[in-house]
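A.B. asks: Pasting the sequence and the predicted coordinates here, then a few questions.
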Amino acid sequence: MQNLLLNKEYWIDYNKMDLLSIDKYIYLFKINIDQNYNLIDPNLVLSKEELSKAGRFLKYEDKKRYIVSKYFLRTLLSNFVKLEPSEIKYHFIGNKKPAIDDVNFSMSHSGNFIIIGLDTMPIGVDIEYINIQFGFDDIIQNLFSENEKSFINNGSDRNLNFYTLWTRKEALLKATGEGLIDDLHQLDMLEKTIDRNQKKFEIRSCLTKEQYIISFATNKSDKKLLFLQF
């Protein structure tokens, strides 16, 4: 069966390193929520609206995830837009997707991890924990192509294959700004390069040691990828 996964762990520790030019690199950041929540001060970074929303979460885990994701997104973006994190103002594009000038970003979360992708070109990221108890037969029946069904059902690890293809669909549609569409079965995510909306996207996936699948879609280019973790 076709192997869609990068063949090794690429993640390196961030360690406050200077981030290199975003014109030459595509950045992927993996953030452990539990390890970082008590190390940050959201009052220094989040907007008033974000702090207010954080205070309204009923579940503590949801509050932690929201604060950590907003904190790191603002902090990372500030490296490239030359503004203090709290000064960054978002505007909204298709499907109410937040955006800023000059840097494209995408963010996803699952379980104890957040993934953030940054690029000058459109980018989409998705992360999912491989839940072996989750029943997905109805999903693949309706939302996957015949080739994808064969890939899932005839492979050695149905769970891994399902989550790999699902995150690839999510990542591509985040990169194009479409969000989930009705004809998901027409997206053949076994391809590593896909033409969509008159743009060519590369789709890549990796399995982390914590058993999460991460997929990301970027415009096809010669830019290098940097995988950094907090």
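C.D. replies: Arrived safely.
A.B. asks: what about Ile152, distance to Arg158?
C.D. replies: Distance check for Ile152 against Arg158: by Cβ to Cβ, to the nearest Å, it reads 6 Å. (Each C-beta comes from the backbone N, C-alpha and C, glycine too.)
A.B. asks: anything in contact with each of the two?
C.D. replies: When contacts are counted by Cβ atoms under 8 Å, 6 or more residues apart in numbering, Ile152 and Arg158 have no shared neighbour.
A.B. asks: for Phe29, what are its contacts?
C.D. replies: So Phe29 contacts 14, 72, 76, 115-118, 228-230 (Cβ under 8 Å, 6+ apart).
A.B. asks: swap in Arg168?
C.D. replies: So Arg168 contacts 4, 126, 189, 203, 205, 215, 217 (Cβ under 8 Å, 6+ apart).
A.B. asks: Show me which of the residues you listed is closest to Asn142.
C.D. replies: Of all the contacts of Arg168, Asn142 sits closest to Met189, with 15.2 Å by Cβ to Cβ.
A.B. asks: which SS state does the closest one fall under?
C.D. replies: coil (DSSP: H, G, I helix; E, B strand; the rest coil).
A.B. asks: Give me the phi and psi for the residue nearest to it when sequence neighbours are not counted.
C.D. replies: Excluding the flanking residues, the one nearest Met189 by Cβ to Cβ, 6 or more residues apart in numbering is Arg168, at 4.0 Å. Phi and psi for Arg168, reported as degrees, to the nearest 10, are phi -70, psi -40.
A.B. asks: And for Leu5?
C.D. replies: phi -100, psi 140.
A.B. asks: Longest helix in this protein, please.
C.D. replies: helix 60-81 (DSSP state H).
A.B. asks: who does the helix or strand following that helix pair up with?
C.D. replies: Counting by DSSP states H and E, the next helix or strand C-terminal to helix 60-81 is strand 91-93. In the sheet, strand 91-93 lines up against strand 97-99 (antiparallel) (DSSP bridges).
A.B. asks: State the distance from the residue nearest to Met189 to Ser21.
C.D. replies: Taken as Cβ to Cβ, the span from Arg168 to Ser21 is 28 Å.
A.B. asks: do the same with Phe29
C.D. replies: Phe29 is 16 Å from Ser21, by Cβ to Cβ.
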